[in-house]
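Trainee: One predicted model, sequence on top.
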Amino acid sequence: MTYQITESDLHPHLIARMNQRGVRLEEIHQVINDGRPAPRAKRGTLGKVMVFDHDAEWEGQVYPEKEVTVYYKLIDEQVILLTVLARYGRDFEKG
């Protein structure tokens, strides 16, 4: 199943975290639909992770990759976004 994530799905706290961590709505959508399971999702929570080509500056340093992890719950087939994390670097696991 493909989940549609829109701005109306974003809680103000999540928007603040996205801005703080450099994550875009399009990336969240792609991670949830195409990412691999996040190994550290807590019981009752779903998580997906995906590595993106970045090749851009983040906080004064250029990084070739960005790993985005999204934690969420499904309630009646609706995605409830909990948080989003980003790590910048290289050679992240892509499998």
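Mentor: Yep, that arrived. Numbering: from 1, shown residues only.
Trainee: residues in contact with the helix or strand hosting residue 32?
Mentor: Secondary structure from DSSP states H and E places residue 32 in helix 25-34. Outside of helix 25-34, the residues within contact range by CB atoms under 8 Å, 6 or more residues apart in numbering are 2-7, 10, 18, 48-50, 52, 68-70, 72, 79, 81, 84. All C-beta atoms are positioned from the backbone trio N, CA, C, and that covers glycine.
Trainee: which of the residues you listed are buried?
Mentor: The neighbour-count criterion (16 or more other CB atoms under 10 Å) marks 5, 10, 18, 48-50, 52, 68-70, 72, 79, 81, 84 among the contacts of helix 25-34 as buried.
Trainee: Which of these fall in strands?
Mentor: 48, 49, 50, 52, 68, 69, 70, 72, 79, 81, 84 (DSSP state E).
Trainee: so who does the residue nearest to residue 46 when sequence neighbours are not counted touch?
Mentor: Using CB to CB, 6 or more residues apart in numbering and skipping the chain neighbours, the partner closest in space to residue 46 is residue 72 (5.5 Å). With CB under 8 Å, 6+ apart as the criterion, the residues that contact residue 72 are 32, 45, 46, 47, 79, 80, 81, 82.
Trainee: Now the second one: closest residue in space that isn't a chain neighbour?
Mentor: It refers to residue 45. Closest to residue 45 by CB to CB, 6+ apart is residue 71, at 5.5 Å.
Trainee: ok, back up a step: can you tell me which of the ones in strands among the buried ones among the contacts of helix 25-34 comes closest to residue 90?
Mentor: residue 52 (12.2 Å; CB to CB).
Trainee: confidence score at the spatially closest residue to that closest one that is not a sequence neighbour?
Mentor: In space, and not counting its chain neighbours, residue 52 is closest to residue 66: 4.9 Å by CB to CB, 6+ apart. For residue 66, the pLDDT comes out at 98.
Trainee: and residue 66, how far is that from residue 57?
Mentor: Distance of residue 66 to residue 57, given as CB to CB, to the nearest Å: 12 Å.
Trainee: When these two are compared, which one has more neighbours?
Mentor: residue 66 (22 against 10; other CB atoms under 10 Å).
Trainee: Perfect, that will be all.
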